[in-house]
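1. give me a 3D structure for the following:
(chains A and B)
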Amino acid sequence: MALVLNEEQTMLRDSARGLISDKAPVSHLRQLRDSNDATGFSRDLWKAFAEMGFCGLLVPENFGGSGLGCVEAGVVMEEIGRTLMPSPFLSTAVVAASALSRGGSAAQKSEYLPKISDGSLLAALAVDEGAKHRPLQTKMQAARSGNGFRLNGAKAFVVDGHTADLLVVAARTAGAAGEREGLTLFLVDPKSKGIETERTAMVDSHNAARVVFDNVEVNADGVLGEVDQGGALLEGVLNIARGGVASEMVGLSEEVFGRTVGYLRERKQFGKLIGEFQALQHRAAQLCIEIEITRAAVLKALQTLDGNFEKAGAAVAVAKARAGSTATLAVQEGVQMHGGMGMTDQFDIGFFMKRARVCQELFGDTNFHADQLARMKNY
Amino acid sequence: MSDLENFRRETRAWLEANCPPEMRRPMTSDEDTFWGGRNTKFSSEPQRVWFERMRDKGWTVPHWPKEYGGGGLDPEETKIMRQEMAALGARSPLTSFGISMLGPALLKYGTDAQKKEHLPKIAAGLIRWCQGYSEPNAGSDLASLQTRAESDGDDFIINGQKIWTSYANFADWIFCLVRTDPSAKKHDGISFILFDMASKGVSTKPILLISGRSPFCETFFDNVRVPKANLVGTVNRGWDVAKYLLQHERAMISGMGERGVGRPLGQVAADSVGTDEQGRLEDPMLRGQIATFEIDEAALACAAERAVDLAKAGQAHPAFSSAMKYYGTELNKRRYEILMSAGGVDALEWESERSKGGARPRAWLRTKANSIEGGTSEVMLGIVAKRILDLPGA
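-> As a prediction, the model looks like this:
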């Protein structure tokens, strides 16, 4: 398969770009932040996403979606990255939709997927527990209780957890922290007794929550996939999520770079455009090259997820690691080359820096994925 | 089954049947590369067999037209053929500057007679070419070159000196930049010309490098007589040919960074630093360096694949080969820094048999030229700044 977008994917990109740049430029995020908006995103825009068919991109056609793949989801994520639009697209349409369509029973799929597709159901993945993404270190307990399970523990960095109608929760039904065996995924109603959700305002003004589970009862049909065997399902869903975040970071990097190069072409000091200075030209050129190479690696990961899912781990690790380091470089150079203006809140560039930092942590940072790759290659 | 799937299946079967097992192992020394030429010899029987089979199939240059000794494959088929060779670990049957540099330039700018004369001999490994570009006072500023070609009837008389001419002492012919109009602006008085290194007045002198080897030469021209028919393209427009060829040269050099040569770095490092009970390298910092390197290496391979696909889709930026050249060479230097670090003291031996005559440190030192030859990293970044980013005054 050619490592470029095909015609349909290009059309999808253009329509996503049209909607997002029109309705959700960076000022949209700024406005949500400054008004301390309780939802943290625009439900009207989510409706527009549903009408455009974006919410059901990854939902199979027989459940009301369009049955497309990770490349298409990545195309939309990249456009979201360009304007930093806060949206449940990642948590609901990418992560939860993948978890349900890959691991759900017929009943679970019929119940939830059409609602994801039409935009009426929001969902969130609760996996992280500590300061760093370490899915195998999951400690949260799901003990057998009557016909079902009783969940105890605490989740952090649950993206869009404060507005979710459904939580996908990783818990331990057996084994010890660090082991792949014994993980199970559960579908949990966040209004269940014993759940306490705290919305956590984050540096990037996007949405996340801490969720505490205190003897939360989940009955047996809340199990997603197989008991004790959720590790593989979780890893697959996380890989899709990583591909999505990597795409967002490519869009973010390219946007911040475009703004920076624009500034180099107009800002004058010492009687010259600062873009004439070789010290800045070479750094700009290096960053341009980093972004192009990362773009190729991310597209490769998305295509591998669509074409050879079980073998996509290495390509995803490469993509997420590269996207993290490239975005970090892009925002740092962006602020530095904008000089004092880059430090002001009035200027948008700082929003990109903050979001890049969050995307780095989300589903494993560059170091995490470098370690993963080394493990895959046995060294 | 689609035609391409069929082609893949047939290619795999043919390679499986025809590539000798010895030619599927990673190259470990200079002798493993077959360069062709009048005075060539094969370093082993499998090398000869493999070369001749590939030559007969036109697959030393799979994408060239059949009439010039190529395989006549389209870009899609060429990609598949290279993928299948890589999957098998098959070595390149023939490496030459004729294939990677002159050939593409002749296909674009050569006359019918020039193509018929030179391309089949390149494809068949009969003539080994060298590149006469740099001069003592024309390095990064290549267009200021001074080697003169003066008109004399149907011939040019060439006088001057080239430097860093790779393997000039082994080459049969040279493609050379000469100044045909000294009064014109520097880019406008240059011509691109071909001549036999056995011509009267040509001499070469190898240059000893920090690696202790001499892959480069000084090349001198003292009243060398060359027919005007050997000029490629238009007289005084040789810079166009030179730049086009440089794109191919840079693509070739950038390929060094993505080529997984020899054993995986993780294994090489495990030999010297050891592993813990989980199989992880005992040196966690080195392990991190290797992983970060391999991430960048894998990403560069994706970018190289994408560059080909973008070109096919008509979306490639012509200056992108400079970006790849920059990244590929810097990456290759990193690879060898890691190899040296992984080898520790063992990688410092310079002459012993155990170190194969210091193969690793010599190769490490050789890579330092990667970001100089074919245009320095700084020149590449300048090209990206000017031609891709459109920055002012670049």
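2. mind listing what the closest residue in space to A:A131 that isn't next to it in sequence touches?
-> Leaving aside its sequence neighbours, A:A131 sits nearest to A:A156 (CB to CB, 6 or more residues apart in numbering or on different chains; 7.9 Å). Just so you know, the C-beta spots here come from the backbone N, C-alpha and C atoms, and that holds for glycine as well. If a contact means CB atoms under 8 Å, 6 or more residues apart in numbering or on different chains, then A:A156 has A:D128, A:E129, A:G130, A:A131, A:T200, A:R210 as its contacts.
3. make a PyMOL selection of the buried ones in these.
-> Here is the PyMOL command that selects the buried residues among these (16 or more other CB atoms under 10 Å in any protein chain shown):
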select buried, chain A and resi 128+129+210
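4. from the contacts of A:A156, which is closest to A:A38?
-> A:T200 (13.8 Å; CB to CB).
5. give me the residues contacting the helix or strand containing that closest one.
-> Per DSSP states H and E, A:T200 falls inside strand A:195-201. For strand A:195-201, the external contacting residues (CB under 8 Å, 6+ apart) are A:40, A:156-157, A:161-162, A:188, A:190, A:207-214, A:216.
6. any idea which of those residues is closest to B:A347?
-> When the contacts of strand A:195-201 are compared against B:A347 (criterion: CB to CB), the nearest one is A:F157, at 43.5 Å.
7. returning to what we had before: does the residue nearest to A:A131 count as helix, strand or coil?
-> Assigned with DSSP: H, G, I helix; E, B strand; the rest coil, A:A156 falls in the strand class.
8. A:E129 versus that one, what's the distance?
-> 6 Å (CB to CB, to the nearest Å).
9. picking that back up, out of the contacts of strand A:195-201, name the ones that lie in strands.
-> A:A156, A:F157, A:V188, A:N207, A:A208, A:A209, A:R210, A:V211, A:V212, A:F213, A:D214, A:V216 (DSSP state E).
10. just the buried ones from those residues, in PyMOL syntax?
-> Selecting only the buried entries of those in PyMOL, with 16+ other CB under 10 Å as the criterion:
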select buried, chain A and resi 156+157+188+207+208+209+210+211+213+216
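11. and the ones in strands among the contacts of strand A:195-201, which two are furthest apart?
-> So, the ones in strands among the contacts of strand A:195-201 by CB to CB: farthest apart are A:N207 and A:D214, at 23.0 Å.
12. pLDDT score assigned to B:E249?
-> Reported pLDDT at B:E249 in the predicted model: 85.
13. who touches it in this structure?
-> B:S100, B:M101, B:Q131, B:G374.
14. surely it is within a helix?
-> Yes. Secondary structure assignment places B:E249 in a helix (three-state DSSP).
15. in what helix or strand does the residue in the stretch 251-394 of chain B that chain A sits nearest to lie?
-> Nearest to chain A in the stretch 251-394 of chain B, going by CB to the nearest CB, is B:G266, at a distance of 2.8 Å. Applying DSSP H and E as the criterion places B:G266 in helix B:265-273.
16. hmm, the helix or strand just after that helix touching chain A?
-> The helix or strand immediately downstream of helix B:265-273 is helix B:284-312, counting by DSSP H and E. Yes. Residues of helix B:284-312 are located near chain A by CB under 8 Å from any CB of the partner chain, namely B:287-288, B:290-292, B:294-296, B:298-300, B:302-303, B:305-306, B:309-310, B:312.
17. can you flag the buried ones in those?
-> By 16+ other CB under 10 Å, the residues of helix B:284-312 next to chain A give B:287, B:290-292, B:294-296, B:298-300, B:302-303, B:305-306, B:309-310 as buried.
18. now flag whichever of those is closest to A:R180.
-> The closest of these, once distances to A:R180 are taken by CB to CB, is B:A291, at 20.7 Å.
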